[in-house]
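Undergrad: Quick one: sequence and predicted model below, then my questions.
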Amino acid sequence: MPAITIDQLRPGHVLQEDVVSLHGRRLAAAGTVLTEAHLRTFKTWGVHTVQVHPSAAPQETPPPLPEAFLEQARHATKRFFARNDTRHPLVRQLAHLYYSRILKQGELPAAPPPIPEGPAVAPPPLDQLLGQRIELASLPDIFTRIIEALGKPNASASYLAELIQNDIGLTTRLLKIANSPAFAGPRRVETVSRAIALLGTDQLCRLAFGISLVSLFSHIPQELLDMPQFWRHSIACGILARLLAIQTKMPASEAFFLYGMLHDIGRLIMLTHEPDSARAPLALEARKPHGLLDAERHFWHYDHTQVAAAVLQAWKLPDHLALPVALHHAPNQAPDIPAAAIVHLADALAHVSLHGRSGIQALAPLDIAYIERLGLEEGFVHTVMPQLDAHIDEVMHLFFHHAE
């Protein structure tokens, strides 16, 4: 029979073919009678579809949803995609997925929190923001040294191991990540040196940078932005960017997780250092969802991508890391950098997945021409989304529950 999805799979099904993970590990052999444990394993390793024998049991039909809720879901979908042409097959597919996810979770996407009124405060010019507030001298020592290592692609494994091992908390979290299905293979990793050997110096350095980055933005007022939801969206974007890079056979696909995780760093910098100025664009987007990027430009005369570009440049990060972040809303400005188009698409998919929120209420226009240049296979959405669902909670736990 045709392959069935993980969501359709039930205990008692019998495998017709071996189930193999993305890393080539055989998870179950043909002829296996599946149990709940098998299903959990498949989800953990990002398996999307499997082949089962034709005697597979029929699916239970869920009770129908109230027509009133279906109409609300249709209205929410139309509102979210109002800035895109839903006649295009890809946009139509994403809109259908968004609608289906609303129905599956049984509730509408959460409305933005009301932004408390406050006096209009003009933000500083961009060069003043950078000159007065974003200084490497004010950053933790481990963070600055990791930034330096990122700028040195030939940094030795021994140097990086010594650097990381001096921070026990960072070491613990990196080893947890190195042993997770989302980032590594089935082999156990017990030392930083072994993690470097398996993942490579560049990948481990990027993960260390991502972990260290989280602590820099822990003081953003919750009234302005729901940070757990913001980080969930960012992590979802990182996972999807990496999966899309694998789909398109991009070199160094592991780097794309950091590109996606960093894509809205400019907004965090503005919220951290100028929260009163950041209030107005968020309030406008909550009232009239016409595009948070345009609202930023209206009030600030620059936007979070320009802030990101300037800060990453000030931190002397290499262009191959900075440009996909800075140009994720304008991949047409980076025609020779397909990574920008991948992050652009990953950001949209992360919003459609309903994993987290970044503050937008309507999806920014997709640059279809540059997405099509990526050469993704038809149906790629149905490959990457189940893998995101399988890994998002695990990766969030790895990055944000380090005290356990």
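TA: Alright, I've got the coordinates.

Undergrad: quick one, strands of this structure?
TA: Using DSSP state E, the strands of the chain run over residues 4-5, 19-20, 26-28, 49-50.

Undergrad: Could you list the low-pLDDT ranges of the stretch 251-400 of the chain?
TA: 289, 335 (pLDDT under 70).

Undergrad: ranges for the helices of it?
TA: Under the criterion DSSP state H, counting those that start in this stretch, the stretch 251-400 of the chain carries helices at the ranges 255-262, 265-273, 275-287, 292-300, 304-314, 319-326, 338-353, 368-372, 381-400.

Undergrad: Now do the buried residues in the third one.
TA: Spelled out, that is helix 275-287. 275, 277-286 (16 or more other CB atoms under 10 Å). The C-beta positions use only the backbone N, C-alpha and C, and glycine is treated the same way.

Undergrad: how about low-confidence regions in the stretch 1-150 of the chain?
TA: 1-2, 22-24, 54-62, 116-120, 130-144, 147, 150.

Undergrad: ok, 90 please
TA: In the predicted model, the stretch 1-150 of the chain carries pLDDT under 90 at residues 1-66, 104-106, 109-150.

Undergrad: And the helices in it?
TA: Using DSSP H, counting those that start in this stretch, helices in the stretch 1-150 of the chain cover 36-44, 67-80, 89-105, 126-133, 141-150.

Undergrad: TSV for the ones you listed, including mean neighbour count?
TA: Listed next are those as TSV, based on neighbours: other CB atoms under 10 Å:
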stretch	mean neighbour count
helix 36-44	16
helix 67-80	14
helix 89-105	17
helix 126-133	14
helix 141-150	18
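
Undergrad: and L363, which of those helices is closest to it?
TA: helix 67-80 (5.7 Å; CB to CB).

Undergrad: residue closest to the middle of this structure?
TA: The geometric centre of the chain, computed from its C-alpha atoms, lies nearest to C237 (CA atoms, centre = their mean), at 1.7 Å.

Undergrad: what separates it from K249, distance-wise?
TA: 20 Å (CB to CB, to the nearest Å).

Undergrad: returning to that earlier point: quick one: closest of the helices of the stretch 251-400 of the chain to F42.
TA: helix 381-400 (8.1 Å).

Undergrad: neighbouring contacts of that closest one?
TA: The contact list for helix 381-400 (CB atoms under 8 Å, 6 or more residues apart in numbering) reads 5-7, 22, 43-48, 93-94, 97, 173, 176-177, 180-182, 210-211, 214, 228, 231-232, 235-236, 238-240, 243-244, 247, 349-350, 353, 355, 377.

Undergrad: same thing but 6 Å
TA: By CB atoms under 6 Å, 6 or more residues apart in numbering, the surrounding residues in contact with helix 381-400 are 6, 43, 46, 48, 176-177, 180, 182, 235-236, 239-240, 243, 353, 355.

Undergrad: can you check stretch 285-293 too?
TA: 112, 115, 295, 303, 359-362, 364.

Undergrad: among those residues, which two are most distant?
TA: I115 and A364 (19.9 Å).

Undergrad: thinking again about what came up before, could I get the helices of the stretch 251-400 of the chain as a markdown table with distance to A82?
TA: A markdown table is the format used below for those (distance: least, CB to CB, whole Å):
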| stretch | distance to A82 |
| --- | --- |
| helix 255-262 | 25 |
| helix 265-273 | 22 |
| helix 275-287 | 13 |
| helix 292-300 | 13 |
| helix 304-314 | 21 |
| helix 319-326 | 26 |
| helix 338-353 | 13 |
| helix 368-372 | 16 |
| helix 381-400 | 21 |
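
Undergrad: So which of these is nearest A195?
TA: helix 381-400 (13.2 Å).

Undergrad: between the closest one and helix 338-353, how big is the angle?
TA: Orientation check (axes from the mean of the first three to the mean of the last three CA atoms, to 10 degrees): helix 381-400 against helix 338-353 gives 90 degrees.

Undergrad: hang on, the earlier thing: R373: which of the buried residues of helix 275-287 is nearest?
TA: For the buried residues of helix 275-287, the nearest to R373 is E285 (29.6 Å; CB to CB).

Undergrad: Look up how far H273 lies from the closest residue to the closest one other than its chain neighbours.
TA: Distances taken as CB to CB, 6 or more residues apart in numbering place L292 nearest to E285, at 4.5 Å, with adjacent residues excluded. Distance, L292 to H273, by CB to CB: 18 Å.

Undergrad: what about the two, which has more around it?
TA: Using other CB atoms under 10 Å, the more surrounded residue of L292 and H273 is L292, with 23 against 17.
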